[in-house]
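Novice: Using only what follows, build the 3D model:
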Amino acid sequence: MRTLIQIGGVLWIVCFIFHVLFWRLFDWSNDLESINKVNKSIMQVLNLCLMLCFLIFAYISLIHTDDLLGSALGKTMIAGIAAFGVIRFLLQFPFFELRLFRSKLVLFGALVIGIVYTIPLFQ
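Specialist: Here you go, the predicted structure:
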């Protein structure tokens, strides 16, 4: 179980890097100009806050693995992280075009994260 949680920590680092690249990958400097200032700000602030969450999840998973697995609070944290992945997986269906390769990649990544953190809950 320890290895699964640590794999999850690495996956959160990958998610963090992916979100760092959003401005370039999705041409946000130009693309977000077409929406009002408040919505533009909300998108960027939410992305930055998600990036912080991803770093926190990675840190806890990689540095405090035994605490996650060995305490009630740790199990609760694992359940929350698993729920994050599962909900992200489910939201992919109504909000994204699954015919695109990148959407399928995100769908797969969210599923893997959900599974990696769900398995230790049943041990």
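Novice: In the lengthiest helix in the chain, which residues are buried?
Specialist: Identified as the longest helix of the chain according to DSSP state H is helix 37-63. For helix 37-63, a neighbour-count test (16 or more other C-beta atoms under 10 Å) marks 43, 51, 54, 57-58, 60-62 as buried. C-beta: built from backbone N, CA, C; applies to glycine.
Novice: same thing with stretch 14-34?
Specialist: Buried positions in stretch 14-34, judged by neighbour count with 16+ other C-beta under 10 Å: 15-16, 18-19, 22, 32.
Novice: quick one: average pLDDT of that stretch?
Specialist: For stretch 14-34, mean pLDDT is 94.
Novice: what's that stretch in contact with?
Specialist: In this structure, residues lying in contact with stretch 14-34 by C-beta atoms under 8 Å, 6 or more residues apart in numbering are 40, 43-44, 47, 50-51, 54-55, 58, 109, 113.
Novice: any residues touching stretch 35-55, and which ones?
Specialist: The contact list for stretch 35-55 (C-beta under 8 Å, 6+ apart) reads 12-13, 15-16, 19-20, 22, 28, 32-33, 84.
Novice: what packs against whichever strand or helix holds residue 79?
Specialist: Assessed by DSSP states H and E, residue 79 sits inside helix 72-95. Packing contacts for helix 72-95, counted by 3 or more C-beta pairs under 8 Å, 6 or more residues apart in numbering; DSSP states H and E, involve helix 37-63, helix 65-70, helix 101-118.
Novice: can we see that at 7 Å?
Specialist: Other helices and strands packing on helix 72-95, by 3 or more C-beta pairs under 7 Å, 6 or more residues apart in numbering; DSSP states H and E, are helix 65-70, helix 101-118.
Novice: Please compute how far it lies from its chain's middle.
Specialist: 9 Å (C-alpha atoms, centre = their mean, to the nearest Å).
Novice: Which residues belonging to it are considered buried?
Specialist: 74, 77-78, 81-82, 84-86, 88-89, 92.
Novice: With stretch 115-122 instead?
Specialist: Buried, per 16+ other C-beta under 10 Å, within stretch 115-122: 116-118, 120.
Novice: Relative to residue 66, which of these is nearest.
Specialist: residue 120 (11.8 Å; C-beta to C-beta).
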